[in-house]
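A.B. asks: let's see this in three dimensions:
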Amino acid sequence: MKRKLYQTDILSPQEFLETRPQKHQKILELKKNRRLSLGPDMMLYFENDQTLLWQIQEMLRIEKGGDEQIADELSAYNPLIPQKQSDGSAELVATMMIEINDLERRVQTLRLLTHIEEMISLRFADHTIKAIPEDEEGRTADDGKTSSIHFLRFLFSVEQVESFKQSDQDIILEVTHPHYTHKTLIPENIRNALSIDFD
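C.D. replies: Numbers count the residues shown, from 1 in each chain. Take a look at the predicted model:
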């Protein structure tokens with residue numbers, strides 16, 4: 001069964017405001033095991049239905065677009081919910097953000113990092129899973145400047161799902177762009193949290 005969010009999952013504005021402090025605390029607890037830095041300027045946030053539901057509720061709270069906006073947000077965010085197939089293959093989905101506070105350096109860096117979203121991979125055991133960027137217009141400008149936000153999909157075979165879950169191995173997240181080459185070891189708490197997405 002396809003994992004997705006429905007309009008019935010969305011709280012009314014009033015109900016969300018009343019429960020927002022508690023939900024905010026829960027989402028912070030959830031996200032701390034789904035956030036991974038990759039070098040000094042890049043962060044990946046691994047998504048699931050709960051992180052995306054929170055994002056939708058926050059967008060509705062801020063923009064107050066009503067039912068029409070709900071439909072638009074569901075259409076935009078449902079494709080980012082990681083899926084598991086009936087044969088046991090599955091996927092992880094991450095929002096990749098290039099986070100540079102200094103405006104001048106951010107603009108200069110984004111111009112250097114053309115197509116960086118195509119150069120991200122997960123490596124573990126004898127597997128390499130290359131990220132597949134969501135095909136969205138406007139992520140790369142005519143001058144080569146990349147967006148500060150990209151959405152990445154990692155597709156796992158059944159064998160790769162089972163291998164990823166094993167705790168006796170290193171899992172490396174790596175970027176190999178000529179102007180930004182970094183790798184980081186995924187800690188156990190994040191591996192455990194992401195493994196739940198496969199179940």
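
A.B. asks: and for the closest residue to T114 other than its chain neighbours, the neighbour number?
C.D. replies: Leaving aside its chain neighbours, T114 sits nearest to G144 (4.1 Å; criterion: Cβ to Cβ, 6 or more residues apart in numbering). No exception for glycine: its C-beta is placed from N, CA and C like everyone else's. The tally of other residues near G144 (other Cβ atoms under 10 Å) stands at 12.

A.B. asks: three-state assignment of G144?
C.D. replies: Counting by DSSP: H, G, I helix; E, B strand; the rest coil, the backbone at G144 sits in coil.

A.B. asks: check S86 too.
C.D. replies: S86 - assigned by three-state DSSP - is coil.

A.B. asks: now the phi/psi pair for it, please.
C.D. replies: phi -60, psi -20 (degrees, to the nearest 10).

A.B. asks: since we're on it, how many residues are nearby?
C.D. replies: Counted with other Cβ under 10 Å, S86 comes out at 6.

A.B. asks: over to Y45?
C.D. replies: Y45 has 14 neighbouring residues, counting by other Cβ under 10 Å.

A.B. asks: show me what it is bridged to.
C.D. replies: Bridge pairing for Y45 (DSSP bridges) gives the partners R35, T95.

A.B. asks: thought it was touching V93?
C.D. replies: No. Taking contacts as Cβ atoms under 8 Å, Y45 lies outside contact range of V93: 9.7 Å.

A.B. asks: show me the shaky parts of this protein.
C.D. replies: 1, 136-138 (pLDDT under 70).

A.B. asks: strands of that one, start to end?
C.D. replies: Along the chain, counting by DSSP state E, strands occupy 35-37, 42-46, 90-98, 120-124, 127-130, 132-133, 149-156, 171-177, 180-185.

A.B. asks: mind putting those in CSV, distance to L53 included?
C.D. replies: Formatted as CSV, the strands of the chain follow (distance: least, Cβ to Cβ, whole Å):
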stretch, distance to L53
strand 35-37, 17
strand 42-46, 14
strand 90-98, 14
strand 120-124, 25
strand 127-130, 26
strand 132-133, 23
strand 149-156, 16
strand 171-177, 25
strand 180-185, 27
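
A.B. asks: any idea which of these gets closest to E63?
C.D. replies: strand 149-156 (17.5 Å; Cβ to Cβ).

A.B. asks: what's the angle from that closest one to strand 42-46?
C.D. replies: Counting by axes from the mean of the first three to the mean of the last three Cα atoms, to 10 degrees, strand 149-156 points 50 degrees away from the direction of strand 42-46.

A.B. asks: starting from strand 149-156, tell me which strands it pairs with and how they run.
C.D. replies: strand 90-98 (antiparallel), strand 132-133 (antiparallel).
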